[in-house]
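Asks: dropping the sequence and predicted coords here.
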2 protein chains.
Amino acid sequence: MVEKRQPIPVAEAVHRVMDYAFQAKKELVPLTHAHGRFIAEAIRADHDVPAFDRSPYDGYAIRSIDSREASSQQPVRFQVVGEIGAGYVYDEVVGERQAVRIMTGAPIPQGCDVVVMLELTYTFEENDQKYMSIKRSFEAGTNISYKGEDVQQGAILIERGQYINPGVMALLATFGYEQVPVYRRPVIGVIATGSELLEPGEPLQPGKIRNSNAYMMMAQIERAGAEVKYFGKLSDDLNLCIEHVEKALQEVDVLITTGGVSVGDYDYLPAIYEAIDAKVLFNKIAMRPGSVTTVAARRGQLLFGLSGNPSACYVGFELFVRPIIRTACGNQKPHLRREQAILGADFTKPNPFTRFVRASAYYEKGQLVAVPSGFDKSSAVSSLATANALIVLPGGSRGYEKGMSVAVLLLEDKQGSEWPWDKIEKSYR
Amino acid sequence: MVEKRQPIPVAEAVHRVMDYAFQAKKELVPLTHAHGRFIAEAIRADHDVPAFDRSPYDGYAIRSIDSREASSQQPVRFQVVGEIGAGYVYDEVVGERQAVRIMTGAPIPQGCDVVVMLELTYTFEENDQKYMSIKRSFEAGTNISYKGEDVQQGAILIERGQYINPGVMALLATFGYEQVPVYRRPVIGVIATGSELLEPGEPLQPGKIRNSNAYMMMAQIERAGAEVKYFGKLSDDLNLCIEHVEKALQEVDVLITTGGVSVGDYDYLPAIYEAIDAKVLFNKIAMRPGSVTTVAARRGQLLFGLSGNPSACYVGFELFVRPIIRTACGNQKPHLRREQAILGADFTKPNPFTRFVRASAYYEKGQLVAVPSGFDKSSAVSSLATANALIVLPGGSRGYEKGMSVAVLLLEDKQGSEWPWDKIEKSYR
């Protein structure tokens, strides 16, 4: 039986999916495992940085007032009364014409208000006493990193939901996060469907193809920030399929099937959704590729039915699954990052639906340019490997010409968009 | 003792380091673990894709010649002689006015040269025989994905040294890579130095700071594609330090120390290099931050002595260590990706040396704009967290103004540059 399907706009489809967005639980991980995760609490400075006035250079700490008369004609000499390395504190108060040899990072001794860089000093000894002389004056505050000048205690440095990059790791270490609160990675199940599918280790057979979507999606899932659970291939028996899906749903946060969503007689998904009492949110979208993308929900849990075509599957994942994963991770910009780019080649084929063209985006003198990556049938697996963007071409009767400004969605980007869809429609008006 | 140091240009320093670049050994990993690695062999198509003429849609396979007379006035009817799902082969030859119900992905039956989409057909039964009728003619080749039209057997799809992204995963699965040859991740050792350092779990003490560089670099090392081995902190005893470094060198491909490279009296690194018979490639670079970055080599093995200042350490890693890691992974563009951007804010402070300013790079209508991220002392840890680029400002007597075109190095980018340095110098002439 062929069901009638009503295509809905992309933005509407994303909206319907996002109604089921959820946030993952928090967990603590050791700092050494925090890179690449999303932080579950704002990072607040528990102390000033620097925590004390400190020297940014190797040199001598002195009182500026003592340098006032110094010149190349009349160098001023200081008695070197001590030395202080990073990590130590000089306990005495430094007096008139006294200097303390100070290392990078060491606290400024009491009384001093200048660090003279080593290169600007001349040192010598007289009667077993060390001296240092300078040939110019210094203003108070020269070469001092003041307490709190980088970060003030109580400041919020990173909002929750941010990706933990190397710089964030430095902050976490600085503020004593031996254990880091992060969002638990959501678990995304993957099931492949299709009698034509062989696993990568199997030899080719007539009429069959190797299952590439499941492996492609494993990487997409990881890139988005989630964990993969692969449940293999659905059988050709409907009852076994239903059991298989029921079991998978109990072990994952979100379940993706690939294939089985077109209108073919052998596509079991509608029957499976019905059997498990899942509500179909939509089963057709006004887009290419991926028009038959189906999403259903059962007791708040999302089931994504992505196309069996690699490109359609790829696009369906990035548009609909990725924002669910990123939202689970607490991220405020869960959608693909959207930017404007110059179309680098004609795309003359008019199409009634919004088209997502996999593309290579690069810069020409700082201007983002996007060129469709090669052959663009929705089955073409080869162009996915080099694509780092999707060009978004809204449907209409005309084609698009080289040099036009087009919206692109960046695939390898960590930053994301809050809601790219309104802007995309506007940008072509 | 304070040694004299001769600053060398950045490009020269990178050159000297790259003389010691090496390539990691290959290893096989299961396809499920290949994402994020670098491929160690070119991926060659072991078969055509599609491997057979196949249907991209659900519909009916027919002979185009039989559709010639079809019109809305005079629909042509076909006898439905069979049906074929993806993964199966239809064995008969299809004859005049015969049609085979065909599912997406199924091989085109012999004799047929058109697939009519299901939506354009009308089906009915007469005397227990199924029929299908169409109201228009179709040209030969309509809706057929021809054997080899996506990829031809023998084509090289991905060169060795490429990053394995989701699209590459799809290719690997398609061409039967159950095991994937990748470059072994180089092992990068990290040792922190400095009496002032506390570990993140320790409470603050006067004059001391928490060790942030080691944790920051762990993330930088992972981001670059290598494995981290953390050896903790060097002691204050020179002989123990030498043992510590010797032991670490035996367990890693490359060793990084952070701190201990300035000219302070307590900095042991020069003595350690001498004791272990390492040749210092340079110990001063005409750049800020990170001018005291030191690199040494012992029996072909690199020892990076990065600054203890977080920003200097960060920059030193990205400029000098990253390309060594990426080269080990077989990548042909091992350096940070360099692009031109519009400077988004004045940077008036003139400086004699090339300056790397951590920055936030973003797009304005597709144009890359880079704005220094906040406070820019080399110790400032807070601005590293939000930086996604380094603005490169060559040394000179003038400052730089908002709106100028400047070179930037992108930090979160997967792509890289072959050799960014010549261009950077040229771009300011």
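Replies: Everything's here; your move.
Asks: what ranges do the strands span in the stretch 251-400 of chain A?
Replies: Remark: strands assigned in the stretch 251-400 of chain A by DSSP state E, counting those that start in this stretch are A:254-258, A:279-282, A:287-288, A:294-298, A:301-306, A:337-343, A:354-364, A:367-372, A:389-393.
Asks: which residues touch residue A:162?
Replies: Going by Cβ atoms under 8 Å, 6 or more residues apart in numbering or on different chains, residue A:162 touches A:38-39, A:168, A:331. C-betas here are computed from N, CA, C, even on glycine.
Asks: just to revisit the earlier point, mean neighbour count for the strands of the stretch 251-400 of chain A - can I get that in JSON lines?
Replies: JSON lines is the format used below for the strands of the stretch 251-400 of chain A (neighbours: other Cβ atoms under 10 Å in any protein chain shown):
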{"stretch": "strand A:254-258", "mean neighbour count": "27"}
{"stretch": "strand A:279-282", "mean neighbour count": "16"}
{"stretch": "strand A:287-288", "mean neighbour count": "22"}
{"stretch": "strand A:294-298", "mean neighbour count": "22"}
{"stretch": "strand A:301-306", "mean neighbour count": "25"}
{"stretch": "strand A:337-343", "mean neighbour count": "22"}
{"stretch": "strand A:354-364", "mean neighbour count": "22"}
{"stretch": "strand A:367-372", "mean neighbour count": "22"}
{"stretch": "strand A:389-393", "mean neighbour count": "26"}
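Asks: can you redo these as a markdown table with mean pLDDT and distance to residue A:140?
Replies: What follows is the strands of the stretch 251-400 of chain A, written out as a markdown table (pLDDT from 0 to 100; distance: least, Cβ to Cβ, whole Å):
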| stretch | mean pLDDT | distance to residue A:140 |
| --- | --- | --- |
| strand A:254-258 | 96 | 61 |
| strand A:279-282 | 96 | 67 |
| strand A:287-288 | 92 | 65 |
| strand A:294-298 | 97 | 66 |
| strand A:301-306 | 97 | 63 |
| strand A:337-343 | 95 | 47 |
| strand A:354-364 | 93 | 46 |
| strand A:367-372 | 94 | 48 |
| strand A:389-393 | 95 | 53 |
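Asks: for those strands, which one sits closest to residue A:401?
Replies: Nearest to residue A:401 among the strands of the stretch 251-400 of chain A is strand A:337-343 (7.1 Å), distances taken as Cβ to Cβ.
Asks: narrow the contacts of residue A:162 to those in helices?
Replies: Among the contacts of residue A:162, the members falling in helices (DSSP state H) are residue A:168.
Asks: among the contacts of residue A:162, which one lies nearest to chain B?
Replies: residue A:168 (4.7 Å; Cβ to the nearest Cβ).
Asks: in contact with the closest residue to that closest one other than its chain neighbours, which residues?
Replies: Computed as Cβ to Cβ, 6 or more residues apart in numbering or on different chains, the closest residue to residue A:168 that is not its neighbour in sequence is residue B:385, at 4.7 Å. Going by Cβ under 8 Å, 6+ apart, residue B:385 touches A:157-158, A:165, A:167-168, A:170-171.
Asks: same thing but at 7 Å, please
Replies: Contacts for residue B:385 (Cβ atoms under 7 Å, 6 or more residues apart in numbering or on different chains) come out as A:157-158, A:167-168, A:171.
Asks: show me where the stretch 301-429 of chain A has its helices.
Replies: Using DSSP state H, counting those that start in this stretch, the helices of the stretch 301-429 of chain A run over A:310-316, A:322-328, A:421-427.
Asks: who are the packing partners of the second one?
Replies: In terms of contact count using 3 or more Cβ pairs under 7 Å, 6 or more residues apart in numbering or on different chains; DSSP states H and E, helix A:322-328 is assigned the packing partners helix A:213-224.
Asks: near chain B at all, the helix it packs on?
Replies: Yes: Helix A:213-224 reaches chain B (Cβ under 7 Å from any Cβ of the partner chain) through A:215-216, A:218-220, A:222-223.
Asks: export the strands of the stretch 251-400 of chain A to CSV and tack on distance to chain B?
Replies: Below are those laid out as CSV (distance: least, Cβ to the nearest Cβ, whole Å):
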stretch, distance to chain B
strand A:254-258, 11
strand A:279-282, 18
strand A:287-288, 12
strand A:294-298, 14
strand A:301-306, 13
strand A:337-343, 4
strand A:354-364, 5
strand A:367-372, 4
strand A:389-393, 12
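Asks: tell me which element residue A:250 falls in.
Replies: If you go by DSSP states H and E, residue A:250 is part of helix A:238-251.
Asks: for residue A:90, phi and psi?
Replies: Dihedral pair for residue A:90: phi -90, psi 120, per degrees, to the nearest 10.
Asks: from what I see, it and residue A:100 are in contact.
Replies: Yes: under the criterion of Cβ atoms under 7 Å, residue A:90 makes contact with residue A:100 at 5.7 Å.
Asks: what do those two both touch?
Replies: The contact sets of residue A:90 and residue A:100 overlap at A:82, A:84, A:109 (Cβ under 7 Å, 6+ apart).
Asks: what pLDDT does the first one get?
Replies: Yep, that's residue A:82 we're talking about. Listed pLDDT for residue A:82 reads 95.
Asks: likewise residue A:424?
Replies: Looking at residue A:424, its pLDDT is 66.
Asks: so where's chain A uncertain?
Replies: Counting by pLDDT under 70, chain A has low-confidence residues at A:1-4, A:261-266, A:374-380, A:397, A:423-429.
Asks: residue furthest from the geometric center of it?
Replies: Using Cα atoms, centre = their mean, the residue of chain A lying farthest from its centre is residue A:127. It sits 62.8 Å away.
Asks: run through the residues that contact that one.
Replies: So residue A:127 contacts nothing (Cβ under 7 Å, 6+ apart).
Asks: ok, now residue A:86?
Replies: Contact partners of residue A:86, counting by Cβ under 7 Å, 6+ apart, are A:103-106, B:194-196.
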